[in-house]
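Asks: got a sequence here, can you model it:
(one chain, ligands or ions: 3)
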Amino acid sequence: MGLSAYDVLAAAREHGFELAGIAAVDSAATDFPRYRDWVDQGYAGRMGYLTDHRADIRRDPRQLLPSVRSILCVGKLYNRAIDSGSPSIAKYAQGEDYHHFMRRDLERMVALLGEREAFEARICVDTAPLLERSLARQAGLGWIGKNTCLINQQQGSWFLLAEVLLSLDLTPNAEPPPDRCGSCTRCIDACPTQAIVPDAAGGWPDGADGWTLDASACISYFTIELKGSIPEAYRSQMGNNIFGCDICQDVCPWNRRAPETAAPEFFTISGASLEDLLNLDAPRFRLQFEKTPVSRARYAGFLRNVLIAAGNSGDQRLREPVRRILESASEEIVREHASWALARLDGRNPGSSGSER
Ligand code: B12
Ligand code: SF4
Ligand code: SF4
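Replies: Ligands and ions are numbered 1, 2, ... in the order given. As a prediction, this is how the structure comes out:
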């Protein structure tokens, strides 16, 4: 007998994915207008991979696998009680790079299923132009919160997504879960840069307001994605976030009882003080963060983030290491952020170019 949705979902769970569901191929088009609208508003900032010539593929996954007939969406929990401490590195980034180990586990799953029935598959772990949250929503994994994260009623939002495009004809999930944010606005109120904004594309069928993320104002974008100088108007609001930002998930009531992962791939890499990190040279940065998502920022980008946190710390003991970086760094971007950090530690108004926004 051929493989059923039940077989595939069971295999996903056996391979360590706590959440799994099937989305219909045509459902990829459902939220595509929201995405287009979002790009048109300029919310993608300088993330060229969201706006380039491949942007429209998101509407039709057949362009990635012509034989695709259903989409397996999986979620991997990464919550655990870590002291993200000071300085703060986002939870998902504390461990091995998920792009690698989630792909490895999905490859094993596909190989095993392939012994029962021949089929074509394409694994995507944040690596293809797909609207992953939208597909996972259609597959029944959760609803899109006002913070724009996908939230599961039982598991909260601390999970990562991946998809397997399959040539198998599997019964898809019938109805996406309803919005459960209600009148809550905690994430909107807690966001230090007011990056969660009303969505011009509209709200929910039940009349609830729609919210979206102006990524060009988000700390996660600044510290992970942005390659150049971080806009001065936002630096003082970034606090101690040196890689990613979890604030809008930390405050979410649906994460209060979120279960913890036991997956060995997630481990704590924080614990280092700002002073330690200011003293980290490029070879030691590579050694320490090589296998983790933090390596994406590269040494100069990471140091830039650490310098902003140092400036925001008010800790006068950091003036010396910051001054040393200002005098010795070869990269202009590092010197510029060191200069900002010193001015802020001195109580001068760094970049007194006007308002905070
Ligand atoms: C670009 C990107 C970012 C950008 C922009 C984020 C954003 N909200 O758009 C930045 C760098 C800021 C970012 C930050 C983070 N990211 Co990110 N990111 C992505 C990426 C690569 C593309 C997202 C995208 O296309 N954005 C464009 C907008 C328009 O799309 P969207 O947010 O997915 O919204 C769509 C649907 O959700 C739906 N929709 C949205 N709102 C509504 C409302 C209603 C009423 C309805 C019906 C539908 C609907 O329509 C939209 C358009 O199709 C995805 C991976 C992927 N390929 O999808 C990961 C992804 C979204 N990120 C992820 C994570 C973990 C994070 C961070 C938590 C990391 C961190 N700790 O710093 C933060 C969270 C910040 C936040 N509040 O979103 C996870 C999210 C998992 C989850 N449970 O939701 C993903 C899926 C990566 C993964 N494979 O796991 N990210
Ligand atoms: S990740 Fe941080 S900066 Fe971005 S929307 Fe959430 S709280 Fe705001
Ligand atoms: S904090 Fe409140 S509004 Fe924001 S995502 Fe969670 S439940 Fe929704």
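Asks: now do the buried residues in stretch 121-137.
Replies: Buried residues in stretch 121-137, counting neighbours by 16 or more other CB atoms under 10 Å, are found at 121-125, 128-137. (Glycine included, C-beta is placed from N, CA and C.)
Asks: what of stretch 254-263?
Replies: For stretch 254-263, a neighbour-count test (16+ other CB under 10 Å) marks Trp254, Asn255, Ala258, Thr261, Ala263 as buried.
Asks: do the same with stretch 18-30
Replies: Under the neighbour-count criterion of 16+ other CB under 10 Å, stretch 18-30 has Glu18, Leu19, Ala20, Gly21, Ile22, Ala23, Ala24, Val25, Ser27, Ala28, Thr30 buried.
Asks: also stretch 164-181?
Replies: For stretch 164-181, the neighbour count (16+ other CB under 10 Å) marks Val164, Leu165, Leu166, Leu168, Leu170, Pro172, Asn173, Pro176, Pro177, Asp179, Cys181 as buried.
Asks: so who does Val306 touch?
Replies: By CB atoms under 8 Å, 6 or more residues apart in numbering, the residues touching Val306 are Pro87, Ile242, Leu274, Leu277, Leu278.
Asks: looks to me like it is in a helix.
Replies: Yes: secondary structure assignment places Val306 in a helix (DSSP: H, G, I helix; E, B strand; the rest coil).
Asks: out of the buried residues of stretch 164-181, who's nearest Ile71?
Replies: For the buried residues of stretch 164-181, the closest approach to Ile71 (CB to CB) belongs to Leu165, at 5.7 Å.
Asks: does stretch 233-245 come close to ligand 2?
Replies: Yes: judged by CB under 6 Å from any ligand atom, stretch 233-245 comes into contact with ligand 2 at Cys245.
Asks: mind listing what's buried along that stretch?
Replies: Tyr234, Arg235, Ser236, Gln237, Met238, Gly239, Asn240, Asn241, Ile242, Phe243, Gly244, Cys245.
Asks: out of those, which sit inside helices?
Replies: Under the assignment DSSP state H, the buried residues of stretch 233-245 contribute Tyr234, Arg235 to helices.
Asks: intersect the buried residues of stretch 233-245 with the contacts of ligand 1.
Replies: Gly244, Cys245.
Asks: in strands, which of the buried residues of stretch 233-245 appear?
Replies: If you go by DSSP state E, the buried residues of stretch 233-245 have Asn241, Ile242, Phe243 in strands.
Asks: so what's the first one bridging to?
Replies: Looking back up the chat, that one is Asn241. Asn241 forms beta bridges with Ser88, as assigned by DSSP bridges.
Asks: surely it touches Asp250?
Replies: No: contact criterion CB atoms under 8 Å: Asn241 and Asp250 do not qualify, at 11.3 Å.
Asks: what mean pLDDT does stretch 236-247 get?
Replies: Stretch 236-247 shows a mean pLDDT of 97.
Asks: does any bit of it sit next to ligand 3?
Replies: No: Stretch 236-247 is not in contact with ligand 3 by CB under 6 Å from any ligand atom; minimum separation 10.2 Å.
Asks: CA atoms only: put that stretch into PDB for me.
Replies: Below are the C-alpha coordinates for stretch 236-247, written out as PDB (Å, rounded to 0.1, in the frame of the first residue of the first chain):
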ATOM      1  CA  SER A 236      20.200  53.000  22.200                       C
ATOM      2  CA  GLN A 237      17.000  51.000  22.000                       C
ATOM      3  CA  MET A 238      18.900  47.700  21.300                       C
ATOM      4  CA  GLY A 239      19.800  47.200  24.900                       C
ATOM      5  CA  ASN A 240      22.000  44.200  25.400                       C
ATOM      6  CA  ASN A 241      20.800  42.200  22.400                       C
ATOM      7  CA  ILE A 242      23.900  41.100  20.500                       C
ATOM      8  CA  PHE A 243      22.500  38.500  18.200                       C
ATOM      9  CA  GLY A 244      18.800  38.200  17.500                       C
ATOM     10  CA  CYS A 245      16.000  39.300  19.800                       C
ATOM     11  CA  ASP A 246      13.500  37.300  21.800                       C
ATOM     12  CA  ILE A 247      11.600  40.000  23.500                       C
END
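Asks: who's in contact with that stretch?
Replies: Outside stretch 236-247, the residues that touch it by CB under 8 Å, 6+ apart are 84, 86-93, 187, 190-193, 218-220, 222-224, 230, 274, 277, 293-294, 297, 302, 305-306, 308-309, 311-313, 344, 356.
Asks: cool, stretch 266-284 as well?
Replies: Stretch 266-284 is contacted from outside by 78, 80, 82-89, 91, 93-96, 240, 242, 288-289, 292, 294, 299, 302-303, 306-307, 309-310, 313, 315, 317-318, 321-322, 325, using CB under 8 Å, 6+ apart.
Asks: quick one: that stretch near ligand 1?
Replies: No: judged by CB under 6 Å from any ligand atom, stretch 266-284 and ligand 1 are separated, with a smallest distance of 12.8 Å.
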